[in-house]
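Engineer: Provide a 3D model corresponding to the input given below.
(2 chains)
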Amino acid sequence: MFQPSPWRADFPAIDALQRQHQTYLDSAATSQKPQALLDALSYYYGHGAANVHRAQHLPGALATQAFETSRDKVAAWLNAADSQQIIFTHGATSALNLLAYGLEHRFEAGDEIAVSALEHHANLLPWQQLARRRNLRLVILPLDVQGRIDLDQALQLIGPRTRVLAVSQLSNVLGTWQPLPALLAHARAQGALTVVDGAQGVVHGRHDVQQLACDYYVFSSHKLYGPEGVGVLYGRSQALALLRHWQFGGEMVQLAEYQSASFRPAPLGFEAGTPPIAGVIGLGATLDYLASLDAHAVERHESSLHQHLLRGLADRDGIRVLGAPQAALASFVIEGVHNADIAHLLTEQGIAVRAGHHCAMPLLKGLGLEGAIRVSLGLYNDSDDLQRFFEALDQGLELLR
Amino acid sequence: MNVPTPAREALEQFEQARGWEQRARLLMQWGDRLEPLSDADKCERNRVHGCESLVWLVAEQHDGQWQFKASSDARLLRGLLALLLVRVQGLASSELAELDLRAWFHQLGLERQLSPSRSNGLHAVLQRMAELVSVS
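Structural biologist: This next block holds a predicted model:
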């Protein structure tokens, strides 16, 4: 039965892609954008750009106001207690790097950082490199067969030497929700700071950072139907106060002299240089749009499409789905068929999916794989998109087998 | 410049190919014609990095003429490698330097395979070939 997306028409690019015979199933890499965002960008640039937090003139005041209103919207989206807990960065990767550098002073040789085996490189490499700089131990929390962090083992591995626990909320390869409440509570009890990489999780459902009770929550705008070049770092106020300043210049400074300077507290103290103003305003418009949708209807739609995807994969011989995906996406390999070959043939047929290691090389290697194909869904996808994918998959396999 | 006979044959076939299926079949057939690489040649030194698949490229010069060997664990990429090799086999460095390989794949109707995006191997292979030839 055809399952339309009631929101498809809100995303003009989906139509444009379809005219080019492209079916977009790579939203976990980046998403298409709603008209509301296009309008906001066009309005901002069309009505007078200005730098924020600097100028006394009217355009500057308007830009600053719009910029700060976006901060309020992000805070509301995450249910943060205060907008001042929201730092704008240039992406989730830069937010995680900010944490790894900003917290560096709190580590002593021999301390431990715990990450899971399924982390995206963005939540692995900053900690790995910090561990190497400071002679720390990077502890890798293993997974169970479903592709979730193995709680029994994790609770053993997170101990009194653990200073930071940094884990994904929703895996970008396995599509599994991670057992955050138990992990975070345990880490907190051990005195560790907790970092949640919400890059994928934030796109599916609403998440309340106060309820999650993490110290830091990170996401990127572009996966959440917003513009690129903008990331968000939420921190509990006490946790933000622990961060040392990282990048310098621009309005993050309080007083500057030739030989010394003092810096502002969060959030502005961590927004060095000119921030991505239009992007931040655009993210605000995207959040307004998303907030206007019926959240339950979105969830039902996404979950029903996801079931359709899993059923279709299960119906076909020789397909091995990685882990037990719960939302948003599924990665798979096909017996006797190279990923690159099937990816090539899907591309030929206008199916945009991702093939490769998905920025999680150690995870793929641990699964004994060179790569995998990933199909990922956005709220604009409909069942016809999946139908076209499956037909293309069947055609491709017929040719290869 | 002379176009080698097998290359002319490839060009004819691909010019006549209709649709993605026929092109894919041809690619697989050409891939099957690729001479297998010995295990010794499949070493780290010959690996072409920047591809999602495993790709090896070996370049040797005999009497001023280049002889290449290549392989991959992916079938369609093997086909692309075969089409590359038929065009460059036996050329002198000066001839290779003049040759526009991107134009060659355009002629074959395979220009989209040249995309520099990471998942595609051919772009990296062409870069590697240029490196190997230029250092000699």
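
Engineer: switch to C-alpha atoms for all contacts and neighbour counts from now on
Structural biologist: OK.

Engineer: Tell me which residues are up against the lowest-mean-pLDDT helix or strand in chain B.
Structural biologist: None of the helices or strands of chain B scores lower by mean pLDDT, DSSP states H and E than helix B:122-135, at a mean of 85. By Cα atoms under 8 Å, 6 or more residues apart in numbering or on different chains, the residues outside helix B:122-135 that reach it are B:48-51, B:57, B:59, B:77, B:80-81, B:93, B:101, B:113-116.

Engineer: Swap in 7 Å and give it another go.
Structural biologist: Contact with helix B:122-135 is made by B:48, B:50, B:51, B:59, B:93, B:113, B:114, B:115, B:116, as judged by Cα atoms under 7 Å, 6 or more residues apart in numbering or on different chains.

Engineer: got it, and stretch A:136-153?
Structural biologist: Contacts for stretch A:136-153 (Cα under 7 Å, 6+ apart): A:109-117, A:128, A:131, A:154, A:174, A:176, A:178, A:323-324.

Engineer: Quick one: buried ones out of those?
Structural biologist: Among the contacts of stretch A:136-153, those that count as buried by neighbour count (16 or more other Cα atoms under 10 Å in any protein chain shown) are A:111-117, A:128, A:131, A:154, A:174, A:176, A:178, A:323-324.

Engineer: Among those, which lie within helices?
Structural biologist: Residues of those located in helices (DSSP state H): A:128, A:131, A:154.

Engineer: Which residue is the nearest non-sequential neighbour of the last one?
Structural biologist: So the one you mean is residue A:154. Distance criterion Cα to Cα, 6 or more residues apart in numbering or on different chains; nearest residue to residue A:154, sequence neighbours excluded, is residue A:141 at 5.6 Å.

Engineer: and the one you found, how many neighbours?
Structural biologist: Residues lying near residue A:141 (other Cα atoms under 10 Å in any protein chain shown) number 23.

Engineer: for it, phi and psi?
Structural biologist: Note on residue A:141: its backbone torsions stand at phi -80, psi 120 [degrees, to the nearest 10].

Engineer: Tell me the predicted confidence for it.
Structural biologist: With respect to pLDDT, residue A:141 has a value of 98.

Engineer: so how far is residue A:296 from it?
Structural biologist: Relative to residue A:296, residue A:141 is positioned 33 Å away (Cα to Cα, to the nearest Å).

Engineer: now swap in residue A:251 and tell me
Structural biologist: As judged by Cα to Cα, residue A:251 and residue A:296 stand 41 Å apart.

Engineer: so where's chain B uncertain?
Structural biologist: Where chain B drops to pLDDT under 70, the residues are B:1, B:117-120, B:136.

Engineer: Those residues of chain A touching chain B, which are they?
Structural biologist: A:338, A:340, A:341, A:348, A:356 (Cα under 7 Å from any Cα of the partner chain).

Engineer: Pick out the lowest-pLDDT one from the residues you listed.
Structural biologist: residue A:356 (85).

Engineer: can you pull up the bridge partners for that residue?
Structural biologist: residue A:372 (DSSP bridges).

Engineer: do you know how far it is from residue A:232?
Structural biologist: From residue A:356 to residue A:232 the distance is 27 Å (Cα to Cα).

Engineer: Which of those two has more residues huddled nearby?
Structural biologist: When neighbours are counted by other Cα under 10 Å, residue A:356 and residue A:232 differ, and residue A:232 comes out ahead with 27 against 22.

Engineer: Isn't the more buried one up against residue A:222?
Structural biologist: No: when contacts are counted by Cα atoms under 7 Å, residue A:232 is not listed as touching residue A:222 (10.9 Å).

Engineer: that older thread, the more surrounded of residue A:251 and residue A:296?
Structural biologist: Using other Cα under 10 Å as the criterion, residue A:251 and residue A:296 rank with residue A:251 on top: 20 against 10.

Engineer: hang on, that one packs against residue A:272?
Structural biologist: Yes: assessed by Cα under 7 Å, residue A:251 is found in contact with residue A:272 at 6.5 Å.

Engineer: Point out the residues in chain B that sit beside chain A.
Structural biologist: Contacts of chain B with chain A, taken as Cα under 7 Å from any Cα, map to B:20, B:52, B:53, B:74, B:75, B:76, B:119.

Engineer: hey, where'd the helices end up in chain A?
Structural biologist: For chain A, the helices defined by DSSP H cover A:12-19, A:35-47, A:58-78, A:92-102, A:125-134, A:151-157, A:180-189, A:209-212, A:237-240, A:277-291, A:295-314, A:339-348, A:361-366, A:383-400.

Engineer: go on, chain B?
Structural biologist: Using DSSP H, the helices found in chain B span residues B:5-16, B:19-33, B:75-88, B:93-98, B:101-107, B:122-135.

Engineer: Please work out which of the ones you listed is packed deepest.
Structural biologist: helix B:75-88 (a mean of 22; mean count of other Cα atoms under 10 Å in any protein chain shown).

Engineer: would you put the C-alpha positions of that one in PDB?
Structural biologist: Coordinates of the C-alpha atoms in helix B:75-88 are reproduced here as PDB (Å, rounded to 0.1, in the frame of the first residue of the first chain):
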ATOM      1  CA  ARG B  75      34.000  -6.300 -10.600                       C
ATOM      2  CA  LEU B  76      32.800  -3.100 -12.200                       C
ATOM      3  CA  LEU B  77      35.900  -1.300 -11.200                       C
ATOM      4  CA  ARG B  78      37.900  -4.200 -12.800                       C
ATOM      5  CA  GLY B  79      36.100  -3.300 -16.000                       C
ATOM      6  CA  LEU B  80      37.000   0.400 -15.700                       C
ATOM      7  CA  LEU B  81      40.600  -0.600 -15.100                       C
ATOM      8  CA  ALA B  82      40.600  -2.800 -18.200                       C
ATOM      9  CA  LEU B  83      39.300   0.100 -20.200                       C
ATOM     10  CA  LEU B  84      42.000   2.300 -18.800                       C
ATOM     11  CA  LEU B  85      44.800  -0.200 -19.500                       C
ATOM     12  CA  VAL B  86      43.800  -0.800 -23.200                       C
ATOM     13  CA  ARG B  87      44.200   2.900 -23.800                       C
ATOM     14  CA  VAL B  88      47.600   3.300 -22.100                       C
END
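
Engineer: need the contact list for residue A:95.
Structural biologist: By Cα under 7 Å, 6+ apart, the contact set of residue A:95 is A:89, A:218, A:231, A:232, A:233.

Engineer: Pull the number of nearby residues for the second one.
Structural biologist: If I follow you right, that is residue A:218. Neighbour count for residue A:218, taken as other Cα under 10 Å: 27.

Engineer: Just the pLDDT at it, thanks.
Structural biologist: Residue-level confidence at residue A:218 comes out at 98, pLDDT.

Engineer: For the residue nearest to residue A:24 when sequence neighbours are not counted, list the residues it contacts.
Structural biologist: Closest residue to residue A:24 apart from its sequence neighbours, by Cα to Cα, 6+ apart: residue A:352 at 5.0 Å. Going by Cα under 7 Å, 6+ apart, residue A:352 touches A:22, A:23, A:24, A:25, A:26.

Engineer: Isn't the fourth one up against residue A:379?
Structural biologist: No: in terms of Cα under 7 Å, residue A:25 does not count as a neighbour of residue A:379; the distance is 10.8 Å.

Engineer: Mutual contacts of these two, please.
Structural biologist: Counting by Cα under 7 Å, 6+ apart, no residue touches both residue A:25 and residue A:379.

Engineer: okay, and for the stretch 51-200 of chain A, where does confidence drop off?
Structural biologist: Within the stretch 51-200 of chain A, not a single segment meets pLDDT under 70.

Engineer: what sits against residue B:54?
Structural biologist: Counting by Cα under 7 Å, 6+ apart, the residues that residue B:54 touches are B:72, B:73.

Engineer: just checking, residue B:67 touches residue B:60?
Structural biologist: Yes: if you go by Cα under 7 Å, residue B:67 and residue B:60 touch, sitting 5.2 Å apart.

Engineer: Okay, and the beta partners of residue B:55?
Structural biologist: residue B:72.

Engineer: quick one: it from chain A, how far?
Structural biologist: Noted for residue B:55: a distance of 12 Å to chain A, by Cα to the nearest Cα, to the nearest Å.
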